[in-house]
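Engineer: just to be clear, the model below is a prediction. Sequence and coordinates:
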Amino acid sequence: MKITGYRSLTTVHRWGRPVGDANGVIADGVTEVPVVLLETDGGAVGVGLGAHADVAR
């Protein structure tokens, strides 16, 4: 099975409260959620969450 294509999307998650960690706080509680969909020659589609700046590589 080989990867034949991909799509990258960005959605948002509304936490309804401030969120954060040692790197900082997001006061309005709205964070971006990057999503990648990988398509294969076998018809399977994989879903991944997280940064996808290098997906083309």
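Structural biologist: Happy to help now that I have it.

Engineer: in terms of helices and strands, where is the closest residue to residue 56 other than its chain neighbours?
Structural biologist: Closest residue in space to residue 56, ignoring its immediate chain neighbours: residue 6 at 8.0 Å, by Cβ to Cβ, 6 or more residues apart in numbering. Glycine gets a C-beta too; all of them are placed from N, C-alpha and C. Residue 6 belongs to strand 3-14 when assigned by DSSP states H and E.

Engineer: give me the sheet partners of that strand and which way each runs.
Structural biologist: strand 30-40 (antiparallel) (DSSP bridges).

Engineer: residue 37 and residue 27, how far apart?
Structural biologist: Using Cβ to Cβ, to the nearest Å, residue 37 is found at 31 Å from residue 27.

Engineer: an error on my part: the question was meant for residue 55.
Structural biologist: In terms of Cβ to Cβ, residue 55 sits 30 Å off from residue 27.

Engineer: of these two, who's got more company?
Structural biologist: Between residue 55 and residue 27, residue 55 has the larger neighbour count (other Cβ atoms under 10 Å), namely 14 against 10.

Engineer: once you drop chain neighbours, what's closest to residue 20?
Structural biologist: Using Cβ to Cβ, 6+ apart and skipping residues adjacent in sequence, the residue nearest residue 20 is residue 26, 5.9 Å away.
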